[in-house]
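Asker: how would this look folded up:
(one chain, ligands or ions: 1)
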Amino acid sequence: MSGRRALVWFRSDLRVRDNRALWEACASAGGRSGAGVVALFVISPGEWRAHDVAPVRIELILRSLRVLRKDLAKLNIPLLIAHRAKPEDVPGVVIDLATEHRCEAVHFNKEYEVNEQRRDAATISRGRERGMRVTGHTDQTCIEPGELRTGEGRFFTVYTPFKKAFYKRWESVGGIAPLGTPAAQAETGVKASDVPETIPGFVSKVDPALWPGGEDEALARLQKFAARSILPYKERRDFPGDPGTSRLSPYLAAGSLSHRQCIAAAIEANLAANPKLRGNPIEAGSEGPVCWMSEVLWREFYVHVMAGFPRVCMNRAFQTKTERIVWDESPERLAAWKAGRTGVPIVDAGMRQLLREGWMHNRVRMITAMYFTKDYFLDWRLGEKWFMQNLVDGFLASNNGGWQWSASTGTDAAPYFRIFNTYSQSEKFDAAGDYIREYVPELRDVEGPAIHDPSQLPGLLRSRLDYPEPLVDRVKARTRAIEAFKGL
Ligand SMILES: Cc1cc2nc3c(=O)[nH]c(=O)nc-3n(C[C@H](O)[C@H](O)[C@H](O)COP(=O)(O)OP(=O)(O)OC[C@H]3O[C@@H](n4cnc5c(N)ncnc54)[C@H](O)[C@@H]3O)c2cc1C
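Answerer: Have a look, this model is predicted:
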């Protein structure tokens with residue numbers, strides 16, 4: 001027997017292909033004649049509650065774990081499931097299980113939220129006390145946060161220069177290709193655990209058929225998107241009634257898919273459409289794939305921002321001067337927004353899509369978040385929390401980035417004086433009102449422009465709809481928000 005037995009600790013990377021930690025563990029364990037590999041996932045409801053993880057996301061994670069268990073079994077790697085209610089007990093259980101199964105090394109893929117980094121540091125030091133080598137790998141991003149810096153050696157805070165630096169690095173290393181599936185390992189004799197059907201406190205009302213679990217599903221969705229929808233992506237991506245985006249975000253959040261796999265599929269589609277393409281295929285060629293890759297890089301960017309500015313994980317504004325803003329407190333407005341009963345159809349459609357599907361189209365995320373922070377003048381942290389508690393793709397870096405963008409408190413944020421006119425957004429991006437009618441059935445029979453603003457309807461018609469009046473006056477709200485920011 002050669003090699004060292006290793007434990008791979010899975011977290012937000014539930015796949016066997018292109019998984020750096022799994023790959024390294026298998027490489028050091030030595031294959032079929034080696035020392036064997038054991039996998040672990042820790043169910044920690046306390047950690048999930050503390051981080052507002054949505055039940056719909058946990059259900060997708062459980063479905064993904066069932067598939068992962070089978071995929072790992074094909075490699076002779078048993079998946080252990082440990083249950084620990086309290087986050088502080090997690091490092092101990094990882095090292096205890098590694099010891100119990102005679103593992104000399106532990107591998108995991110790094111996560112960059114503050115609490116996760118602390119947990120991982122605690123795991124590394126516990127492992128060291130037992131003479132075990134515990135290694136974190138770069139996997140969630142293509143490039144380790146901190147490796148791309150401005151000319152002054154700082155983390156980037158503006159997206160476009162970050163993207164340019166990313167492209168340059170990508171070209172200089174000849175691209176970053178996904179890893180394949182590692183080779184099968186030696187039998188360990190360790191029995192895999194059962195994956196629970198449900199976790200108390202994390203049961204959702206969203207139809208599970210919307211989000212089947214597992215990396216084969218994720219890859220099939222990616223391939224379908226790359227074959228059919230990536231070329232016209234740029235023209236279609238802003239219209240919530242048109243299924244023109246990939247809807248892959250839940251799979252990226254569960255880690256059934258990696259950034260590298262997304263970029264590789266987009267490059268392939270780009271090269272297929274442009275066989276004689278010269279230049280870097282991540283930035284040159286057809287607009288659709290190039291634009292889509294640049295969206296994936298927003299996710300990468302926000303992880304780099306979170307790693308460079310940990311305050312954004314701690315309820316702090318990126319632009320610290322904006323912390324002087326005194327937001328309104330209005331339980332009435334908060335409840336109306338959460339329930340999709342603001343009286344503004346496009347906002348209500350988005351909020352109800354979130355409740356029905358655990359997902360919301362990006363354009364409508366921007367509209368609902370901007371309405372919350374500027375028209376309602378409510379603290380962005382409350383909206384961020386509600387999104388996290390309901391999104392199947394809830395991901396702190398992107399959610400925080402999106403909220404702070406909308407609130408004009410973040411990196412590269414919307415300038416405070418450029419406040420979306422919710423009604424014009426609705427007319428522009430849901431011109432026929434199909435998206436609104438889909439999610440707001442009370443308005444199904446409203447015809448013409450009134451679908452965007454039912455207050456235009458004659459009184460009698462309006463009174464027949466079970467639909468509320470808006471709670472705030474748009475023009476006054478806009479002036480008020482601008483004044484608040486101007487004074488900073
Ligand atoms: C207020 C607000 C909150 C958000 N919260 C989240 C969140 O919790 N989790 C999350 O994954 N995304 C979040 N986003 C970003 C974006 O809305 C979603 O990633 C996107 O709607 C997912 O749909 P898709 O997979 O069809 O995207 P596509 O258009 O197909 O894009 C492909 C991938 O690129 C990434 N991406 C696209 N747009 C963005 C963006 N603006 N910022 C970061 N990554 C992006 C996503 O991973 C997405 O899956 C938020 C945006 C806003 C404005």
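Asker: pull the longest helix from the chain.
Answerer: If you go by DSSP state H, the chain has its longest helix at helix 287-308.
Asker: at contact distance from the ligand, anything in it?
Answerer: Yes - in terms of C-beta under 6 Å from any ligand atom, part of helix 287-308 sits within range of the ligand, namely 295, 296, 298, 299, 302. C-beta here means a position set from N, CA and C on the backbone, and glycine is covered the same way.
Asker: next up, the contacts around the fourth one.
Answerer: Read it as residue 299. 252, 259, 395, 397, 398 (C-beta atoms under 8 Å, 6 or more residues apart in numbering).
Asker: same check on the third one?
Answerer: If a contact means C-beta under 8 Å, 6+ apart, then residue 298 has 159, 398, 401 as its contacts.
Asker: excluding covalently adjacent residues, which one is nearest to the last one?
Answerer: By that I understand residue 401. What sits nearest to residue 401 in space, not counting adjacent residues and going by C-beta to C-beta, 6 or more residues apart in numbering, is residue 302, at 3.9 Å.
Asker: the first one too?
Answerer: Nearest non-adjacent residue to residue 159, counting by C-beta to C-beta, 6+ apart: residue 412, 5.0 Å away.
Asker: surely the one you found meets residue 158?
Answerer: Yes - counting by C-beta atoms under 8 Å, residue 412 does reach residue 158; the two are 5.1 Å apart.
Asker: higher neighbour count, the two?
Answerer: Remark: of residue 412 and residue 158, residue 412 carries more neighbours, 19 against 11, as counted by other C-beta atoms under 10 Å.
Asker: enumerate the residues of this protein near the ligand.
Answerer: Contact residues, the chain versus the ligand (C-beta under 6 Å from any ligand atom): 237, 245-249, 252-253, 295-296, 298-299, 302, 362, 365-366, 369, 387, 391, 393-395, 398-399, 401-403, 406.
Asker: so residue 373 touches residue 384, yeah?
Answerer: No - counting by C-beta under 8 Å, residue 373 does not reach residue 384; the two are 10.0 Å apart.
Asker: which residues are common contacts for these two?
Answerer: residue 403.
Asker: more neighbours, these two?
Answerer: Neighbour count, other C-beta under 10 Å: between residue 373 and residue 384, residue 373 has more, with 26 against 23.
Asker: residue 167 sits in which helix or strand?
Answerer: Here residue 167, judged by DSSP states H and E, is contained in helix 159-172.
Asker: what residues does that helix touch?
Answerer: For helix 159-172, with C-beta under 8 Å, 6+ apart as the criterion, the contacting residues are 142-143, 147-150, 156, 176, 280, 282-283, 294, 297-298, 300-301, 304, 411-412.
Asker: select the longest strand from this protein.
Answerer: Of all the segments of type strand in the chain, defined by DSSP state E, the longest one is strand 37-43.
Asker: measure stretch 306-315 end to end?
Answerer: Start-to-end span of stretch 306-315 (C-alpha to C-alpha, to the nearest Å) is 12 Å.
Asker: actually stretch 79-97, sorry about that
Answerer: Terminal-residue distance, stretch 79-97 (C-alpha to C-alpha): 12 Å.
Asker: cool, and stretch 45-59?
Answerer: OK, stretch 45-59 end separation, C-alpha to C-alpha: 12 Å.
Asker: buried residues in it?
Answerer: 45, 47, 48, 51, 52, 53, 54, 55, 56, 57, 58, 59 (16 or more other C-beta atoms under 10 Å).
Asker: out of the contacts of residue 298, who has the most neighbours?
Answerer: When neighbours are taken as other C-beta under 10 Å, the top entry among those is residue 401 (25 neighbours).
Asker: just the CA trace of the helix or strand that that residue is a member of, in PDB.
Answerer: Element membership for residue 401 (DSSP H and E) is helix 396-406. What follows is helix 396-406, C-alpha atoms only, in PDB (Å, rounded to 0.1, in the frame of the first residue of the first chain):
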ATOM      1  CA  LEU A 396     -23.500  35.800   0.900                       C
ATOM      2  CA  ALA A 397     -21.000  37.400  -1.500                       C
ATOM      3  CA  SER A 398     -23.400  37.900  -4.400                       C
ATOM      4  CA  ASN A 399     -26.500  38.700  -2.200                       C
ATOM      5  CA  ASN A 400     -24.600  41.200  -0.200                       C
ATOM      6  CA  GLY A 401     -23.000  42.600  -3.400                       C
ATOM      7  CA  GLY A 402     -26.400  42.900  -5.000                       C
ATOM      8  CA  TRP A 403     -28.000  44.600  -2.000                       C
ATOM      9  CA  GLN A 404     -25.200  47.000  -1.400                       C
ATOM     10  CA  TRP A 405     -25.300  47.900  -5.100                       C
ATOM     11  CA  SER A 406     -29.000  48.600  -5.000                       C
END
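Asker: which other helices and strands does that helix contact?
Answerer: If you count contacts as 3 or more C-beta pairs under 8 Å, 6 or more residues apart in numbering; DSSP states H and E, helix 396-406 packs onto helix 287-308, helix 362-370, helix 380-390.
Asker: number of residues surrounding residue 231?
Answerer: Neighbour number of residue 231 under other C-beta under 10 Å is 19.
Asker: you'd agree it is in a strand?
Answerer: No - according to DSSP: H, G, I helix; E, B strand; the rest coil, residue 231 belongs to no strand; its state is coil.
Asker: ok, now which ones touch the nearest residue to it once chain neighbours are set aside?
Answerer: Distances taken as C-beta to C-beta, 6+ apart put residue 288 closest to residue 231, at 4.3 Å, once the chain neighbours are dropped. Listed by C-beta under 8 Å, 6+ apart, the contact set of residue 288 reads 230, 231, 232, 233, 234, 269.
Asker: same question, residue 181
Answerer: By C-beta under 8 Å, 6+ apart, the neighbours of residue 181 are 16, 17, 75.
Asker: now that we have the residues you listed, which of them are buried?
Answerer: Applying 16+ other C-beta under 10 Å to the contacts of residue 181 flags 16, 17, 75 as buried.
Asker: and the last one, what does it touch?
Answerer: If you count contacts by C-beta under 8 Å, 6+ apart, residue 75 has them with 16, 26, 37, 181, 182, 183, 184, 185.
Asker: give me the pLDDT value at it.
Answerer: Model confidence at residue 75, given as pLDDT, is 98.
Asker: first-to-last residue distance for stretch 197-206?
Answerer: Stretch 197-206 has an end-to-end distance of 15 Å (C-alpha to C-alpha).
Asker: helices of the stretch 1-150 of the chain, start to end?
Answerer: 20-29, 45-50, 55-73, 90-100, 114-129 (DSSP state H, counting those that start in this stretch).
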